[in-house]
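Peer 1: Any chance you can model this:
(one chain, ligands or ions: 1)
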Amino acid sequence: MTILDKIVRQKEVEVELLKKQPLPNFSDAAKSIKKIEHTFHNTQKMNVIAEIKRSSPSKGEIDMAVDPVKQAKLYESCGAGAISVLTDKTFFNGSMEDLRNVREAVDIPILCKDFMIDPIQIDHAKAAGASIILLIVAALSDNKLHELFKYATHQGLEVLCEVHDENEMTKAIELGATIIGINNRNLKTFEVDLSATEQLASMVKNPDTILISESGIKSRDDVIQVGKEDINGILVGETLMRSNNIAALFNELKIPITKGGIPNAR
Ligand SMILES: O=C(O)c1ccccc1NCC(=O)[C@H](O)[C@H](O)COP(=O)(O)O
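Peer 2: You can find the predicted model right below:
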């Protein structure tokens, strides 16, 4: 069984528990948040979705002592375009409480980074103040992917549709996803290969699609590599979480971009 299978099994258990609980009060803090579909287009520098990640299955403990609110404020002040909060407890030591607290502290979009398999999780993410949810194509049947995409969109949420291979990219395009994340990490083997972004980004022909390169990005050279294709942003977790100088790291990662990719990257 792969780690993704294990995570999905655990989510099935959690969903049954969530269905027995009352939905927490809605935070209306996300109402006035601008959509990344608008803000990530036509920016002059690479957009960064900065992640709060205490630990992960592939790396173990990263920063168990992090204060998510402090970290999120720092990310915002350094120019993050959005914040990703890992809300899974069992495998990443996160929580929906983290997301709720971060929502109260920052004014930029927040991605609820979790493994969605049921609309009830989307309700909880929205209630906590998320403006974007993640749908991982590899974790969902075609029917479930369509159902959850439609549900989240009707709830006024943006959807980051995550893919890792050509087959998944085809599904995301057919779904009509407007924000597609190319995960450089294979969630079944943990192998990271930045060329996944280069290979898959060229399949997207709609210039309005927001493309995000996710995982394994550590340096300016990495951004230049994934930016050979016309991407709008990068999602960075571990490197930011381990950094002693987050402001300097943002300067390194926020490379000037134009339509068509990073100038001279090819
Ligand atoms: O990070 C993992 O080990 C992992 C394992 C299984 C499923 C998902 C996993 N990570 C989620 C992510 O997509 C990353 O946290 C995100 O892209 C940031 O990656 P990184 O910059 O490499 O921390």
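Peer 1: Only C-alpha atoms from now on, for both contacts and neighbour counts.
Peer 2: Will do.
Peer 1: Helices of the chain, start to end?
Peer 2: 3-20, 36-39, 68-77, 96-105, 119-128, 142-154, 166-175, 195-201, 220-226, 238-242, 246-253 (DSSP state H).
Peer 1: Which of those has the lowest mean pLDDT?
Peer 2: Mean pLDDT values for these show the minimum at helix 36-39, a mean of 92.
Peer 1: Distance to Asn47 and mean neighbour count added to the helices of the chain, as JSON lines?
Peer 2: Below are the helices of the chain laid out as JSON lines (distance: least, C-alpha to C-alpha, whole Å; neighbours: other C-alpha atoms under 10 Å):
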{"stretch": "helix 3-20", "distance to Asn47": "28", "mean neighbour count": "14"}
{"stretch": "helix 36-39", "distance to Asn47": "9", "mean neighbour count": "14"}
{"stretch": "helix 68-77", "distance to Asn47": "12", "mean neighbour count": "18"}
{"stretch": "helix 96-105", "distance to Asn47": "19", "mean neighbour count": "20"}
{"stretch": "helix 119-128", "distance to Asn47": "23", "mean neighbour count": "21"}
{"stretch": "helix 142-154", "distance to Asn47": "22", "mean neighbour count": "16"}
{"stretch": "helix 166-175", "distance to Asn47": "21", "mean neighbour count": "17"}
{"stretch": "helix 195-201", "distance to Asn47": "15", "mean neighbour count": "20"}
{"stretch": "helix 220-226", "distance to Asn47": "11", "mean neighbour count": "18"}
{"stretch": "helix 238-242", "distance to Asn47": "14", "mean neighbour count": "18"}
{"stretch": "helix 246-253", "distance to Asn47": "9", "mean neighbour count": "16"}
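Peer 1: nearest to Leu211, of those helices?
Peer 2: helix 195-201 (7.3 Å; C-alpha to C-alpha).
Peer 1: Restrict that closest one to CA atoms and write it as CSV.
Peer 2: Extracted in CSV, the C-alpha atoms of helix 195-201 (Å, rounded to 0.1, in the frame of the first residue of the first chain):
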residue,chain,number,x,y,z
SER,A,195,11.4,18.2,-14.7
ALA,A,196,7.7,17.1,-14.0
THR,A,197,6.8,20.8,-14.3
GLU,A,198,8.6,21.2,-17.6
GLN,A,199,7.0,18.0,-19.0
LEU,A,200,3.5,18.7,-18.0
ALA,A,201,3.1,22.5,-18.2
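Peer 1: and it, does that touch the ligand?
Peer 2: No - Helix 195-201 is not in contact with the ligand by C-alpha under 6 Å from any ligand atom; minimum separation 12.3 Å.
Peer 1: Can you name the residue of the stretch 51-200 of the chain nearest to the ligand?
Peer 2: Ser58 (3.6 Å; C-alpha to the nearest ligand atom).
Peer 1: In this model Lys188 seems to touch that residue, though I could be wrong.
Peer 2: No - the pair Ser58 / Lys188 is not scored as a contact, 10.4 Å apart, by C-alpha atoms under 8 Å.
Peer 1: is it true that Asp107 touches Lys31?
Peer 2: No - contact criterion C-alpha under 8 Å: Asp107 and Lys31 do not qualify, at 10.4 Å.
Peer 1: Neighbour count: the two, which is higher?
Peer 2: Asp107 (17 against 11; other C-alpha atoms under 10 Å).
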